[in-house]
Structure formats: C-alpha cells, structure tokens
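K.L.:
Predicted model and sequence below, questions to follow.
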Amino acid sequence: MSSITATQDQHDDHHPTGLKRWLTTTNHKDIGTLYLVFSLIMFLFGGSMALVIRAELFQPGLQLVDPGFFNQMTTMHALIMVFGAIMPAFVGLANWMVPLMVGAPDMALPRLNNWSFWILPMAFTLLGMTLLFPGGAPAAGWTMYPPLVLQTGDAFPFLIFAVHLMGISSVLGAINIIVTIMNMRAPGMGLLKMPLFVWTWLITAYLLILVMPVLAGAVTMLLTDKYFGTSFFLAAGGGDPVMFQHIFWFFGHPEVYIMILPAFGVVSQIIPTFSRKPLFGYDSMVYATASIAFLSFIVWAHHMFTVGMPLAGQLFFMFSTMLIAVPTGVKVFNWVATMWKGAMTFETPMLFALAFVFLFTIGGFSGLMLAIAPADMQYHDTYFVVAHFHYVLVPGAAFAIMAAVYYWLPKWTGHMYNEKLGKLHFWLSAISVNVTFFPQHFVGLAGMPRRIPDYATQFADFNAISSVGAFVFGFSQLLFTYIIWSCARGGQKATDQVWEGADGLEWTVPSPAPHHTFDTPPVIK
Amino acid sequence: MSNSKLGRLAGMTTAMFLLTAISPLAHAAWEVNMPRGVTAISQEVYGLHMLIFIICCVIAFVVFGAMFYSILRHRKSLGAQPASFSHSTKAEILWTIVPCLILIGMAVPAADTLIRMEDTRGSDLSIKATGYQWKWGYEYIDEGFGFFSSLHPDHNVARQLGSGIDPASVDNYLREVDNPLVVPVGAKVRLLLTASDVIHAWWVPDFGGKKDAIPGFVNEFWFKPEETGIFRGQCAELCGRDHGFMPIVVKVVTQDEYEAWRTEQMASVSVQPAVITSETPAMAMEVSSDPAAAPAAVPEWSLETAMASGESLYNANCGACHQINGKGMPPTFPAIAGSPVATGDVEAHIEMAMNGKPGTAMAGFGPQLSDAQLAAIVTYQRNAFGNETGELVSPDQIAAHR
C-alpha cells in the first residue's frame, strides 16, 4: 500500500520510506492504516485465545489446559479485544475518515496522533509478555476486581501500566478528534451538517476523556494497595472491595458505549448509501446518541445488582438502565425507516450493516432483560450475560468495523475488494456467530456461570455447538485478512464515488485518496 | 433478499442439524430456560423473565417484520424507486412515547418483586455462609454448629486435567459436595454471606437468585423452599483458579428430618472443629481446648495414623494449589516436594500452615482446621513427596502455636 500512496502523492513533500515512514508519520491516513492493521492483528491474537477457551469448553472435564491458564485466557482475551481490537479499530476509522468527511487536510494535532498510536504497541507488549512469565498472565478477569486481582504475581504491575498506557493513548486520540471536529470543518459545515459517523465519534471522544482517567485512578489504587500498603479496597484496613466495582463500572459502562457509538455512526453512513435514500431522522439520531452518552453515566451499578446495594439504589439503577432502551429504540426505528421504500442493493458492507441492525437489536433485547434487577439476580455472572455482551460486541461492534472496512476499502486502496469472497466472509461470519453465541443464552438461563473451565454435564451439548461455531467464526476471519491483503495489492479499479448511492465529502476525492487531501477547503452546499 | 433470507434459513438448518447430530450424546434434557424454582420469589422471577421475554419477542416481530418486508420488497433489483422522505415528526414522537409506556409496564411488576426480595425480616433460621478459596463454610448461628462444604472427593479426582474419568460417569458432575447444607422445608432461611479471602457469590438457581459474599462485609439473602429435594448450584463470582469447582448443594428436608439431623450435628459438634470461620477465633480456641474435642485418634498419635489422615486432609485442603502430587505450580503455587518450608524448621512450617502468606492465595488454615487435622497435614507434608524428614508433628505443637 505504501507504494500506492507514494505514487499518488501530488506534493513534493519528502517523507521517509520503509519502516521509518511508519514510525515517524504524522499523516492521518498512514496513522489510520497503522491503527487498523494493529487492531486486526490484536483481533486475531485475542481471537485465538477465545479458541483456547472454546476448545477447553467443547466437552465437560478438563482436557487441554489448567484452570489457572484458562482464567489467564479469559482475562487476556477480554483486555485484548476491548482495548486492542475494537477501540483502536474505531480510532483508525476516525483517523482515516473524520478529516475526509469534514473536509480537513489532516488531524489537528498530527504529532500527538503519531504518539497516541505508538503507545499502543508498547502497552500490548507489556501486557502480552506476561504470558511468558513463570507465574503467567493476569487471571482475575478484565474487570480486575480486588481482592482477587491483588493475588496476581509478577504480571500485576505490567497489567496496571499497560492499562495506564492504553488509557493515555485513548485520551490523546480523543483530544485530537475533538479538536479536529471542532476547529477544522470546511467552511459551511455546521455541526448539524456533519455526517453521523463524525457526530458519534465526537460524542465518543468526550466519553473517553471523561472516563479513561477514572479507570487510571482505579488501577492506581490497586497498585498502591498491592505494593504501598494502602487499603482502598481491603476491608482489613478499613477499605471496601465494592468501591472498586463502583469506580470501575463508572468507567466501564460509558466504555460500553465507546465501543458501540462509532458503530452506530458507521451503520448510519452505510444504510442510506445502499438504500439510495437519505438517513431517516438525522436530528433525532444526533439527539439519541447524546442521550445514550448521558445515560451511560448514571447506570453503572446495573453491573452490580448482586453486591448488596440498598433497595433504593437498585431501583434507581434499574429504572435508569431501562430508559436507555428509548434512544436506542429510536436509532433502530430510524434505520428501518431509512430502508423503508428505498431501492436497496446488498453489497458486503450493506450485508454487515443489516446483520448489525438485526443482531445488535437481539443483544439490546437481552440487555433490557438484564436491566430488570430481580431477574438479573438469576442472569448475573452466567453465560446469558456472556451471550448478551458478545451479541453487542461481535455482530455489533465488530460487524460494524467489518462493514466500514468493506465500505471504505476501495477509497483507501483504490481497488474494489473481491465481492464474492466478501459475501462468503459475511455468510460464514453471520451464521457462525449465531451458532457460537445463541446457545450461550440457553446454558446461561439453565444455570451455567461464566468464567469456568469445566461444567456440569447438562450443559455439554450447547457448549459443543458453541465451540464448533467459534472455530468456524475464528477461521473465517483469516479469509477477511486475505480479502484486505489482496485488495491492497490490486484489483478492479475503484471509481471516486465507489458506491452508486454514496454521498459525502470522502467520495469527492480520488480513489485511492491521495496522501494529502483538502489542502483547499471544499465548498459545502 | 431471497439470497440473504436463504442464508439465514441455511444458518438455522445448520444449527438444527448440529443439534440432532449431537443429541444422542445428551446426558440430560435440553434445558433452554430459567428454572421455575421452588420458592415463591423464584417463581415470580421466572414470571418476570417470561413477561419481558414475550414483550421483546412482540417488539422484535414488529421491527424485524418491517425490516424484512423492506429488504424483500424495496430492492433495486425489483425496480424499486427510492422515496425521498427523511423524517416524520409524527412517527418519531410515536416511537418515543410507546416504548416509554411499555417500559413503565415492565418497571412496575419488577419493582414490586424487587421490594419483596429485599425483605429479609421474619426469618426462621439464620445460617452464616463464608466463601473460601475454594469451598463454603456454613455456620448455623443459633444452633452453634457448622461445617465446611467442598467439592466431593470423587469429583475432585475426576475433574483433574487428564484424569481419564468420563464426567458423564460421575453423577451430578461438579455439583456434589461432601457436606451439603440442610434446611427444613417451608422455613424462611436467611443466609448471612461473607468471605475470608476474595469475593465469591452464592447461587442456587432454584432459589431465585444469587448474592455476593464479600470479605469484610456481610450480605443478606433469603429463601423459603416450598418443596423437599436436593438443589444444586455453584459459586458465581470469579474467585481464582478453582472458581469452577466450589459447588453448593442444599438438601431441603421435612421438619422432622431436619430436627433429627440437627440433633446429630449438635451432638457431634465437639468433634467437628472444622467449623469455625476466621471471624470467630475465640470459638475456635474454645473448641480445640475442650478435652472432648480431641478426635479419637489422638491417644495413639503415630506417624502412620497422622500420614493416613494427613493425606486425605491434604488432598482436600491443599491439593487444589500445591497439587496432589506435591509438585505445585511454581511460582504461583510452590511445590511441597523438596520445599525449604516443608523440609526446614518445623515451627516456620506450622506458622505458614496456620497463618498463611499475606498477599498471596495462601490462606491461614489455623481458624479452619483442628489441632489434630493441622498436625496431620504438616506431618504428611514433611514426610510425603520424598521429603522423608521422619518428623511427627503432634497436635500439642499446633495448640502451643495458637
């Protein structure tokens, strides 16, 4: 890809080539590519850990791994997927697309942009190397609840500092995105003329700035509890283990929306394009996104209904959580209304976007069920929860990322991807994701707790099905990798507009997008 | 859309085929739903769960119906011309208000049940349940007896990595304990939940819910079983390596059977010192200093008897981390074989066994086990796995250390 962008370069700037180009780049397109490639690698790495988990759970009895290693896998899988795959992928999309969509020549803070990316490989090296430690990787779950997490061995400080670095990277990225959107829009592009992807990222960036420092504070308190004799979370010293959960989920719930709001944005770009019809209810989409972001700060304790909160607290968090269904519902209705009376075609990005609407909504329904506090006493910490959050994160966030990649890949590379293979990748993924996660609703309701390496025999059959689905899903992603690789190398030439129904500034620049775009601001009608 | 619809159908059919292909191996019915349970609360919770589920299904039918209709009919390949509308205030207000009303309809019965769930007053029986890595300790507060409840030894063997034992050949695999909790039918049982090391959660699905057991804090949970029977569950909060192996079994018996069981327990309380939780060291002292507390084996305390009882006690209490072969899993769980502690100064060894090592998973077993039990374990560790110190540790040495 480097040769392509280099030859397309119409400016006589003299940037270095080879590895040094990528290390020192301040170009938003290069950095976007770095983020996306990094997140794909992490996706495959974290996914292979999921396959270790599913292989062990294929049958009851312990066949493959020690229970301690199993816990390392669940912990590392979650940390890598959340902080290494989903979040950087969305930041990569923002880097590539936000300047193109608002008509800016680059991100507002290009050097900061380079730094926010290059922190990430360091963070994940710190985290990943713990797998090689004699005591193994962190194994207390990605939620890092004390006192359990304080039993972690030498991996503990590596976990804490890796989380700090991931947080710094996210906050720097978020600052850059906000400054770009606020200051660098082309003349005439009012806030309510911005594409929805830009809007959802603007709101997401604010969420990041507000909550990542909270996580940093929480893990710092863990660090001092472990090494410096404090007792923030230790009852023996007058602390409270539940306080950690409150602080963690005050970060954790907005984090959930950090991973899904940009997905809403992506889908809101793709559905109108392939329905050949403007997005239905643009204003209400913006307001719904903002409402979801606001509500995300007052619902955190719904992750903690079983810790023994006062009744009034449980009622408050139950009601506030249920409220989220209203703006989320508005979004789903708006997408359906966008399709209504359109003239739809079903290229790969559209297929992923439609699957997103369908399957994310299923995850939304189970989310509504989980909000009902008395029923959550049964659902909590079971596979029903595992099914729920994987429905919103895999066919939710990850499918939206895949949709975005197929949608904008021709703009990035100048080539059309292989549509046949794209469709094959979609159907393999869409079917196997359901085979994997749908049966987990059943075992969860029937009483299987999450995070266990072995289980009672009545859960055997659904677990076997789930494992089969997981392996198909996992290996399908190698096809995805191949499609991207081959598209970067060549293929049918893409037009500037790429898609018949596509509308927006990013489609006015050539394909592939030249190294520098919008040096002169475009004119907004 | 016929293409994508076919695909979906294909997906469902694949799943169905998979189901039928594997079902001959099924050991139990295909359980797909929450149990109704055996308490009034659990049945209310089931009702709520089904109510919300059905409401979700109706909404799904409408929304997905519109979506699939549109996908089928409004496609370019059928010559559809795109409309140009981009909003409808009327529709948007409607689909904001209607969900609000539906939510209110869900919130009222949910709040009603929640209020009843949290009412722990008027209980007939209070039991303190303490979570340990990885077993439960139960203490019948008013009766003054208690016991530990761990994964059944047979299951503990079967669940080891590469044990070669088919889980299907073990009844209630991983859901069996050595000492089940016993409660009378129809009594409102109040559990006082706490933990000695990390957070655990006590969950029996048939009783309608779970509650966290948090070190340093006491949580309340109650259930009033309306049927006799054996009900099974397990720890629901990740609590370390053997989180998956700390089951909960509750025997709900008739009032008469309960009385008989209770009398038996109270009679044997003095020889059941493995009872007392870390929060009650005074009681532990009392039990162990009681002359009647000494197990029958003590008068003839010898290397052979100590090794014999030490082995089973070691396997039950230490084997999860230090492994039954004594090799441990260094560095997290050090080996006992050849360990400087188990072959060095005996006092340091007793200190480690009784008070643990802070900041690690090594718990102090002083409050959990009797003098004789600890002496047996320490003796076993000092002589098994090739340690061969030939030393016999007596219960008096443990008592002197307390």
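P.N.:
Cool, got the structure.
K.L.:
which stretches of chain A have low pLDDT?
P.N.:
Filtered on pLDDT under 70, chain A yields the residue ranges A:1-14.
K.L.:
neighbours of the residue in it that chain B sits nearest to, just the number please.
P.N.:
Proximity of chain A to chain B (CB to the nearest CB) peaks at A:Ala235, 2.0 Å away. Where C-beta positions appear, they are placed from N, C-alpha and C, glycine not excepted. Using other CB atoms under 10 Å in any protein chain shown, the number of residues around A:Ala235 comes to 17.
K.L.:
The nearest residue to it once chain neighbours are set aside: what's it in contact with?
P.N.:
If the residues on either side of it in the chain are set aside, A:Ala235 comes closest to B:Gly216, at 2.0 Å by CB to CB, 6 or more residues apart in numbering or on different chains. By CB atoms under 8 Å, 6 or more residues apart in numbering or on different chains, the contact list for B:Gly216 reads A:234-236, A:240-241, B:194.
K.L.:
let's see it at 10 Å
P.N.:
By CB atoms under 10 Å, 6 or more residues apart in numbering or on different chains, the residues touching B:Gly216 are A:147, A:233-242, B:194-196, B:279.
K.L.:
For those residues, which single residue is the most surrounded?
P.N.:
B:Ala195 (30 neighbours).
K.L.:
Verify the contact between A:Val332 and B:Trp95 for me.
P.N.:
Yes: assessed by CB atoms under 10 Å, A:Val332 is found in contact with B:Trp95 at 9.3 Å.
K.L.:
Identify the contacts common to those two.
P.N.:
Common contact partners of A:Val332 and B:Trp95 (CB under 10 Å, 6+ apart): B:Val63.
K.L.:
how close does B:Ser196 get to chain A?
P.N.:
B:Ser196 sits 10 Å away from chain A, taking CB to the nearest CB, to the nearest Å as the criterion.
K.L.:
name the helices or strands packed onto the helix or strand that contains A:Val163?
P.N.:
A:Val163 is located in helix A:155-183, with elements delineated by DSSP states H and E. If you count contacts as 3 or more CB pairs under 10 Å, 6 or more residues apart in numbering or on different chains; DSSP states H and E, helix A:155-183 packs onto helix A:28-57, helix A:67-79, helix A:87-102, helix A:110-129, helix A:196-227, helix A:241-258.
K.L.:
part of a strand, is B:Phe231?
P.N.:
Yes: judged by DSSP: H, G, I helix; E, B strand; the rest coil, B:Phe231 forms part of a strand.
K.L.:
what about it, distance to B:Phe223?
P.N.:
Using CB to CB, to the nearest Å, B:Phe231 is found at 9 Å from B:Phe223.
K.L.:
any shared contact partners between the two?
P.N.:
When contacts are counted by CB under 10 Å, 6+ apart, B:Phe231 and B:Phe223 have B:37-39, B:183, B:204, B:206-207, B:250, B:252 as shared neighbours.
K.L.:
Contacts only, for the nearest residue to A:Glu506 once chain neighbours are set aside.
P.N.:
Of all residues not flanking A:Glu506 in the chain, A:Leu100 sits nearest, at 4.0 Å (CB to CB, 6+ apart). Neighbour list for A:Leu100: A:28-29, A:32, A:195, A:408, A:411, A:504-509, A:513, A:517-518 [criterion: CB under 10 Å, 6+ apart].
K.L.:
Helices of chain B, start to end?
P.N.:
For chain B, the helices defined by DSSP state H occupy B:2-22, B:40-73, B:89-117, B:153-158, B:255-267, B:281-289, B:303-317, B:319-322, B:340-343, B:346-355, B:371-383, B:395-401.
K.L.:
measure the residue lying closest to A:Met122 once chain neighbours are set aside to A:Tyr227 for me?
P.N.:
Take A:Met122 and drop its neighbours on the chain: the residue closest to it by CB to CB, 6+ apart is A:Leu165, 6.1 Å away. Between A:Leu165 and A:Tyr227 the computed distance is 18 Å (CB to CB).
K.L.:
Looking at these two, which is more packed in?
P.N.:
Remark: of A:Leu165 and A:Tyr227, A:Leu165 carries more neighbours, 20 against 13, as counted by other CB under 10 Å.
K.L.:
what's the neighbour count on A:Gly422?
P.N.:
So A:Gly422, with other CB under 10 Å, has 23 neighbours.
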